[in-house]
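*Asks:* Please work out how this folds:
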Amino acid sequence: QLFRAAFAATGINLDMDMRSESGWKRILGTWGHAENQILAGGASNLSIGNILSNVLNKFALQGYLYVEQAWRDIAAIRPVSDFKPTKSINLLGDTKYLQLGPTGQLQDASLGDQAFSNRADPYGRILTIPWTHLVNDDLGMLTGAPMKIGQGAGLALNDFFWALWASLASGSAVGIIPSAMSLLGDDGLAFFRTTSSNTPAARRAGTAYLPNKDTGAALSSATLKTGKALFDNQIDPNGNPLGFDGAMPILLFGPSNWNTATELLTYRELVFAGNTGGPLKQAQGNVWAGKMKPVMSKYIENANYGNSTTAFWIIFDPVALAAIEVCFLNGVDTPAVLQAGPDYQFDKLGISIRGTMPFGVNQQQFRGAVYNAGA
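*Replies:* Predicted coordinates:
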């Protein structure tokens, strides 16, 4: 298309054969007699490689976005500058003001911190399209192959993300999660727990917490009620209620819960309730409508991950309080796809397409989510 447009601009209508060396010689020879001349020296003095690389990246992004993106709704996303382990620090402490006595003496406050780790690791893949495929395939591989390379980045990210999410729920490594990887909260206890510690000593020590795991039951108005109570009652390490009321919670569920979740979280119309004392209106009874953001993931019911048709989670907006985090090298959250043609790889005839996307996933604040294992 590039060459056809260029020839058309000079008034030349040429039947182009781009599959053979003789065809290219004819194209370049014809162009050489046009007003604008291409002088070929070395591999090429046209930036065709860069143009194709940009197109490949667009195909790759399209393939990447074909993969489920539900993780973006429940995870904090953070840039990192290298492959070294990083930590997000949360400052905490007993700083609540106390009434002054007659002496006017101020009491010392105490400070501590929480550290939440993460690290980006390099991920990538290379695909070589043989010369014979390029000649015989009518250039279809140039479109399909980069999309598959882009899709591979999304599959790798989802694989690790949802395997870790399932591992946190079960308390043991699921799928590709290494058995040595910690699945605990920052306090060394199970990430999702039914226990609590809210004594004065725990509050003073900055180790207070309440349960964030509900008894297993199917999603319904009743179980959503108990789950929301656990969610709203979460406390900080010093025993204070969490102050994120302005952020809408997220309800995470699998495909089998889609109908129930949609019914619960969607307003129905107001109904007429008679004329006694004037026209009356009453709600249809759906107190949940508009109270949470519904997010569905197909990975929850997949046998390689959560493998549950009834489990669901109530999650804080990750901007306010992240239960899980994804980090990307230099903040680039899409795959980078590059192409090397025969002129730059002398050991093979064909085109090599390389895709890379460094990322890391790790759990963060266990107070950021409440888990119901389902029926």
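
*Asks:* Tell me the first helix or strand C-terminal of the helix or strand of the chain with the lowest mean pLDDT.
*Replies:* When each helix and strand of the chain is scored by mean pLDDT, DSSP states H and E, strand 281-282 comes last, with a mean of 50. Using DSSP states H and E, the helix or strand that follows strand 281-282 in sequence is strand 293-296.

*Asks:* Show me what that next one packs onto, helices and strands only.
*Replies:* helix 71-74, strand 250-253, helix 258-265 (3 or more C-beta pairs under 8 Å, 6 or more residues apart in numbering; DSSP states H and E). (Glycine included, C-beta is placed from N, CA and C.)

*Asks:* List of residues touching that strand?
*Replies:* Identification of contacts with strand 293-296 by C-beta atoms under 8 Å, 6 or more residues apart in numbering yields 70, 73-74, 248-255, 257-258, 261-262, 265.

*Asks:* run the last query once more with 7 Å
*Replies:* Strand 293-296 is contacted from outside by 70, 73-74, 248, 250-255, 258, 261-262, 265, using C-beta atoms under 7 Å, 6 or more residues apart in numbering.

*Asks:* Now do the strands in the stretch 51-200 of the chain.
*Replies:* 76-80, 86-94, 110-118, 124-130 (DSSP state E, counting those that start in this stretch).

*Asks:* Tell me how many other residues crowd residue 222.
*Replies:* Residue 222 has 10 neighbours, counted by other C-beta atoms under 10 Å.

*Asks:* ugh, typo on my part, it should be residue 310
*Replies:* Look at residue 310: counted by other C-beta under 10 Å, it has 20 neighbours.

*Asks:* Regarding the spatially closest residue to it that is not a sequence neighbour, what are the backbone dihedral angles?
*Replies:* Ranked by C-beta to C-beta, 6 or more residues apart in numbering and with sequence neighbours excluded, the top spatial neighbour of residue 310 is residue 374, at 2.8 Å. Per-residue torsions, residue 374: phi 80, psi -180 (degrees, to the nearest 10).

*Asks:* Residue 374 against residue 308, yeah?
*Replies:* Yes. Residue 374 is in contact with residue 308 according to C-beta atoms under 7 Å; the separation is 5.3 Å.

*Asks:* Could you check how far residue 313 is from residue 67?
*Replies:* Computed as C-beta to C-beta, to the nearest Å, the residue 313 to residue 67 distance reads 21 Å.

*Asks:* The two - which one has more neighbours?
*Replies:* Comparing residue 313 with residue 67 by other C-beta under 10 Å, the one with more neighbours is residue 313, at 25 against 16.

*Asks:* Just list the residues touching the nearest residue to that one once chain neighbours are set aside, thanks.
*Replies:* In space, and not counting its chain neighbours, residue 313 is closest to residue 252: 4.3 Å by C-beta to C-beta, 6+ apart. By C-beta under 7 Å, 6+ apart, the contact list for residue 252 reads 74, 295, 297, 312, 313, 315.

*Asks:* cool, residue 68 as well?
*Replies:* Residue 68 sits next to 158, 297, 298, 299 when contact means C-beta under 7 Å, 6+ apart.

*Asks:* got it, and residue 135?
*Replies:* residue 19.

*Asks:* rewinding a little: looking at the contacts of strand 293-296, which two lie furthest apart in space?
*Replies:* Farthest apart among the contacts of strand 293-296 by C-beta to C-beta are 248 and 255. That separation is 22.3 Å.

*Asks:* quick one: secondary structure of residue 318?
*Replies:* The assignment at residue 318 comes out as coil when based on DSSP: H, G, I helix; E, B strand; the rest coil.

*Asks:* Could you check how far it is from residue 103?
*Replies:* From residue 318 across to residue 103, the span is 46 Å (C-beta to C-beta).

*Asks:* Which stretches in this protein count as helices?
*Replies:* Counting by DSSP state H, the chain has helices at residues 2-9, 21-32, 48-65, 71-74, 131-136, 140-170, 200-205, 221-232, 258-265.

*Asks:* just to revisit the earlier point, would you list the contacts of residue 252 in CSV and tack on distance to residue 334 and pLDDT?
*Replies:* Formatted as CSV, these follow (distance: C-beta to C-beta, whole Å; pLDDT from 0 to 100):
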residue, distance to residue 334, pLDDT
74, 19, 95
295, 21, 96
297, 20, 96
312, 29, 96
313, 26, 97
315, 24, 96
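
*Asks:* Output these as JSON lines; include the columns distance to residue 228.
*Replies:* Output for those, formatted as JSON lines (distance: C-beta to C-beta, whole Å):
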{"residue": "74", "distance to residue 228": "17"}
{"residue": "295", "distance to residue 228": "16"}
{"residue": "297", "distance to residue 228": "20"}
{"residue": "312", "distance to residue 228": "12"}
{"residue": "313", "distance to residue 228": "12"}
{"residue": "315", "distance to residue 228": "12"}
